[in-house]
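In: generate coordinates for the sequence data below:
(2 chains)
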Amino acid sequence: MENLINIFIRSIFVDNMVFAYFLGMCSYLAVSKTVKTSTGLGIAVIFVMGITVPVNFLLNKYVLLPGALSWLDPSFATLDLSFLSFIMFIAVIASMVQLVEMIVEKYSPSLYSSLGIFLPLIAVNCAILGGSLFMQEREYSTLGEATTFGLGSGIGWFLAIISIAAIREKLKYSDIPRPLRGLGIAFILTGLMGIAFMTFMGIKL
Amino acid sequence: MGKSSEKEPLFSAKNLKLITEPLDSKNPITVLVLGICSALAVTAKLKPAIVMAISVTVVTAFSNLIISMMRKSIPTRIRIIVQLVVIATLVILVDLILKAYVPDVSKQLSVFVGLIITNCIIMGRLEAFALGNRPWPSFLDGIGNGLGYGLILIIVAFFRELLGSGTLLGYQVIPADFFVKNGGFYENNGLMILPPMALITLGIIIWIQRSRNKKLLEE
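Out: This next block holds a predicted model:
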């Protein structure tokens, strides 16, 4: 249990997807103009990550790792399919995103129309694939750990996009040099927030 | 390709523009805001940045070429999946080649080679260009955008490695005698190695580019 809380806190604050690894920056910069749409996108990301990371964990453990297929037949014990992991992970992610898109379209048409093009683009949101790849690289041992990591990373991303959106709403009233307006200042702000998040470094529960 | 080369030379002014425009006024990173995800994480040192730039250029160019050749036979509804499969296959090839020939750099890049799949530049160029153009211009467009991406990567990595470690490509550039520990006056700026400085460096690059090119200003 302690271990799970540790992973959870680490993935939200210390290894934050946006501030520590710059993952999912494209939609992070493009959708963060208002808090409302960012909330919607953030929740969609938490949801998709919470599902895809555990699914990919099972896929990795029982299909892709060297010798993982031995549960099927002992003769597969030497088979190593890990070179297929990119293609398998992205297929899982693309289909999950399709699923989320259908659910959102049915239950919240207003959210669907405000998210517009960015919902299908979650499929190519680096944070989602990054979550699965980090899960594989860090070799989490149980399903619980992988799920906690997925949810935590999603929440970390959510936190990041909400805070930058709130700051950008206020920024409309500031007097910024013209060439720096828009994209430039958003980058510098993200950098400053990243420095702030670095204070969490080394925290261990 | 046959038809287009009859009508116009392979490197006509229009085709050359496809390569030069993404370097400045249509730069994928600083103007179109594509592919930032991987752009920043690999720029602490110059060498991984160069390897990354080459990998992305190769993947963009060839995925553009392949999708453009198949563009008439792909049903619109499932095009995203088809595109992802083409990109993922190319990225697996690049990943295996890197692992075989430059294992140390491949380790430094860690998951970021895999993340080329979700690099928005590639998807963006496929959607915006390759689906509606002939293979040869698409190929050039892919190379141009890969180079535009690489250019920014290399500029950021140059400053981060120079100011952060005092080296370039691993060679000592700032003389060792200058350092405080050797009785000199100079100290490396350790902050430059840390991830947030990549964002701030990029912010400053955008600032400089936009103050030179007024067309790019935002409201």
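In: what about the helix or strand harbouring A:Phe86 and chain B, touching?
Out: Taking DSSP states H and E as the criterion, A:Phe86 maps to helix A:85-107. Yes: using C-beta under 8 Å from any C-beta of the partner chain, helix A:85-107 comes into contact with chain B via A:Ser85, A:Phe86, A:Ile87, A:Ile90, A:Ala91, A:Ala94. Just so you know, the C-beta spots here come from the backbone N, C-alpha and C atoms, and that holds for glycine as well.
In: how close does A:Thr34 get to chain B?
Out: Distance, A:Thr34 to chain B, by C-beta to the nearest C-beta, to the nearest Å: 16 Å.
In: give me the number of residues near that residue?
Out: 13 (other C-beta atoms under 10 Å in any protein chain shown).
In: then A:Gly156?
Out: Neighbour count for A:Gly156, taken as other C-beta under 10 Å: 27.
In: do whatever helix or strand it lives in and chain B meet?
Out: Element membership of A:Gly156, judged by DSSP H and E, is helix A:143-171. No: against chain B, helix A:143-171 shows no contacts by C-beta under 8 Å from any C-beta, the least distance being 11.3 Å.
In: now that helix: how far from the chain's centre is it?
Out: 8 Å (C-alpha atoms, centre = their mean, to the nearest Å).
In: identify each buried residue in it, please.
Out: Residues A:145-165, A:167-168 are the ones in helix A:143-171 that count as buried (16 or more other C-beta atoms under 10 Å in any protein chain shown).
In: for it, packing partners?
Out: helix A:2-9, helix A:25-31, helix A:35-59, helix A:126-138, helix A:183-197 (3 or more C-beta pairs under 8 Å, 6 or more residues apart in numbering or on different chains; DSSP states H and E).
In: flag the shaky bits of chain A, pLDDT-wise.
Out: Residue ranges of chain A with pLDDT under 70: A:114-121, A:124, A:204-205.
In: what of chain B?
Out: Those would be B:1-8, B:219, if you go by pLDDT under 70 across chain B.
In: contacting residues around the most centrally placed residue in chain B?
Out: Centroid-nearest residue in chain B: B:Tyr149, 3.0 Å away (criterion: C-alpha atoms, centre = their mean). Counting by C-beta atoms under 8 Å, 6 or more residues apart in numbering or on different chains, B:Tyr149 makes contact with B:Pro22, B:Pro28, B:Ile29, B:Gly35, B:Ala39, B:Ala53, B:Val56, B:Thr57, B:Thr60, B:Ile121.
In: quick one: buried residues of stretch B:207-219?
Out: Neighbour counts over stretch B:207-219 (16+ other C-beta under 10 Å) mark B:Trp207, B:Gln209, B:Arg210, B:Leu216 as buried.
In: burial count for residue 193?
Out: No chain in the question, so chain A it is. Other residues lying near A:Met193 total 19 when counted by other C-beta under 10 Å.
In: the chain in question should be chain B.
Out: Neighbours around B:Ile193, by other C-beta under 10 Å: 16.
In: got it, and the one 10 residues further on?
Out: Close neighbours of B:Gly203, defined as other C-beta under 10 Å, add up to 21.
In: need the three-state assignment for it.
Out: Three-state call for B:Gly203 (DSSP: H, G, I helix; E, B strand; the rest coil): helix.
In: any idea how far it is from B:Lys26?
Out: Between B:Gly203 and B:Lys26 the computed distance is 19 Å (C-beta to C-beta, to the nearest Å).
In: OK, contacts around residue 158?
Out: Looking at chain A here, since you left the chain open. A:Thr39, A:Gly42, A:Ile43, A:Val45, A:Ile46.
In: try chain B instead
Out: So B:Phe158 contacts B:Leu46, B:Leu168 (C-beta under 8 Å, 6+ apart).
In: ok, A:Leu64 next?
Out: Taking C-beta under 8 Å, 6+ apart as the contact definition, A:Leu64 lies against A:Leu81, A:Ser82, A:Leu84, A:Ser85, A:Met88.
In: mind picking the two most distant members of those?
Out: Using C-beta to C-beta, these span at most 9.8 Å, a distance reached by A:Ser82 and A:Met88.
In: show me which of those two is the more surrounded one.
Out: More crowded of A:Ser82 and A:Met88, by other C-beta under 10 Å: A:Met88, with 18 against 14.
In: centroid-wise, who is the farthest residue in chain B?
Out: Distance from the centre of chain B peaks at B:Gly183, with 39.9 Å (C-alpha atoms, centre = their mean).
In: not counting sequence-adjacent ones, nearest residue to that one?
Out: B:Asp177 (7.4 Å; C-beta to C-beta, 6 or more residues apart in numbering or on different chains).
In: correct me if wrong: the one you found contacts B:Gly184.
Out: Yes: contact criterion C-beta atoms under 8 Å: B:Asp177 and B:Gly184 qualify, at 5.4 Å.
In: more crowded one of the two?
Out: Between B:Asp177 and B:Gly184, counted using other C-beta under 10 Å, B:Gly184 has the larger neighbour count: 13 against 10.
In: who's in contact with the more buried one?
Out: B:Asp177, B:Phe178.
In: contacting residues for the residue nearest to B:Val58 when sequence neighbours are not counted?
Out: Nearest residue to B:Val58, sequence neighbours excluded (C-beta to C-beta, 6+ apart): B:Val94, at 6.4 Å. Taking C-beta under 8 Å, 6+ apart, we find B:Val94 in contact with B:Ser55, B:Val58, B:Val59, B:Val113, B:Ile116.
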